[in-house]
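Novice: Predicted coordinates and the sequence they were generated for:
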Amino acid sequence: MAITWDFAEMLAKESARDKFMLKLLELAKTNKNIVYICSDGAPVGSKQDEFRKLYPEQFIEVGIAEPNAIGIATGLALSGKMPFVNAFGPFLSLRATDQIHTDMAYNDVPVRVIGTHGGLTSGGGPTHYTVCDYAIMRSIPNMTMVAPSDANQCVKLIEASLTYPGPVYIRVARGEEPLVYKDNDYEYVIGKAITAKEGKDATIIGVGIGVYNGLVAAQQLAKEGIDVRVLDMHTIKPIDTEAIVKAAKETGVIVTVEDHNIVGGLGAAVAEVVLESGIPCKFKRLGVPDVFAELGTPEELYAYYGYDGNGIIKQIKQMLD
């Protein structure tokens, strides 16, 4: 499905953290199997605090103990409940990896883990960045790894996850990010890429904020006569091999864009597909190089590491020369 994208209309920003909580508040009213579990994440006056007050029997606060949250969620899922675990991404994806691997994934239970402060969005420096979650989660059997491209898509993902089998790790940003889609009138399927913009000269495959940055680059390149396709690869695992192979065949140039370490992330997953397909294709990964990232705002760091709109434009022009 192709969607017409216009940068002039995509200036609004919304928070996926706020959106998914509003959705859970709505769902928990009628679905008493939904249990919300958080780790020191329900300050007074927040939507999480509202959930606690409205549905005390469906709310669990574990404190700063992310591994415990996963263990409790697994037990609840084995008992027929549908737990949603929410905590800071760097601690969920690293501190609780053992429990995600052995408790949750090994038992193949429908726990939905929502890691916030994804990528470099925390602004808190190397200990508080989340740049390994794609690599970790996609290497664990039974795990599904998803990073919606904007807040509204996050709501679509929550809805889709209600009937999706097995454990799912969902990554969102710390705060507000640009909306990618003009409206919500598009089909969303876990594991199926969305063609956000058609193009024949090259393909940008993005995830999370990488989709927006890719679209900014593609629109500017269009003004220079360069027609670039943009794929929203919201699901890292299972990845949409069909869309990747099609892009490699039809454009012959692929650039991946992710707010994540380029080792083991989206770029690595796409490279595996392209290489195994045997299709000749120019290829480049953009994202955080294999370093502990510098301290700064997300926008400063995207530019610094070359995966903002300008960085993507520069890379594609080099590959097309």
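Specialist: Done, it's in.

Novice: Validate this expectation: Ile114 resides in a strand.
Specialist: Yes. Under DSSP: H, G, I helix; E, B strand; the rest coil, Ile114 falls within a strand.

Novice: how long is stretch 195-207 end to end?
Specialist: Length of stretch 195-207, first residue to last, C-alpha to C-alpha, to the nearest Å: 12 Å.

Novice: who's Ile194 bridged to?
Specialist: Asp232 (DSSP bridges).

Novice: List the contacts of Ala293.
Specialist: 120, 126, 129, 131, 301, 305 (C-beta atoms under 8 Å, 6 or more residues apart in numbering). C-betas here are computed from N, CA, C, even on glycine.

Novice: Now, of those residues, which are buried?
Specialist: 120, 129, 131, 301, 305 (16 or more other C-beta atoms under 10 Å).

Novice: tell me the two of the residues you listed that are most distant?
Specialist: Tyr129 and Tyr305 (11.7 Å; C-beta to C-beta).

Novice: Touching, Asn261 and Ala135? I think so.
Specialist: Yes. Counting by C-beta atoms under 8 Å, Asn261 touches Ala135, with 6.7 Å between them.

Novice: higher neighbour count, the two?
Specialist: Applying other C-beta atoms under 10 Å to Asn261 and Ala135 shows that Asn261 carries more neighbours, namely 24 against 20.

Novice: Excluding chain neighbours, what is closest to that one?
Specialist: Excluding the flanking residues, the one nearest Asn261 by C-beta to C-beta, 6 or more residues apart in numbering is Val131, at 4.5 Å.

Novice: do you know how far the one you found is from Gly306?
Specialist: Distance, Val131 to Gly306, by C-beta to C-beta, to the nearest Å: 15 Å.

Novice: Next: Ile72.
Specialist: Distance from Ile72 to Gly306, by C-beta to C-beta: 41 Å.

Novice: So between these two, which is more surrounded?
Specialist: Ile72 (20 against 15).

Novice: Is that one located within a helix, as I assumed?
Specialist: Yes. Assessed by three-state DSSP, Ile72 belongs to a helix.

Novice: Just list the residues touching it, thanks.
Specialist: If you count contacts by C-beta under 8 Å, 6+ apart, Ile72 has them with 37, 60, 62, 83.

Novice: please redo it, this time with the cut-off set to 10 Å
Specialist: The contact partners of Ile72, taken as C-beta atoms under 10 Å, 6 or more residues apart in numbering, are 35, 37, 60, 62, 65, 83, 85, 99, 103, 111.

Novice: Next, the last one: phi, psi?
Specialist: Here the main-chain torsion angles of Val111 (degrees, to the nearest 10) amount to phi -100, psi 130.
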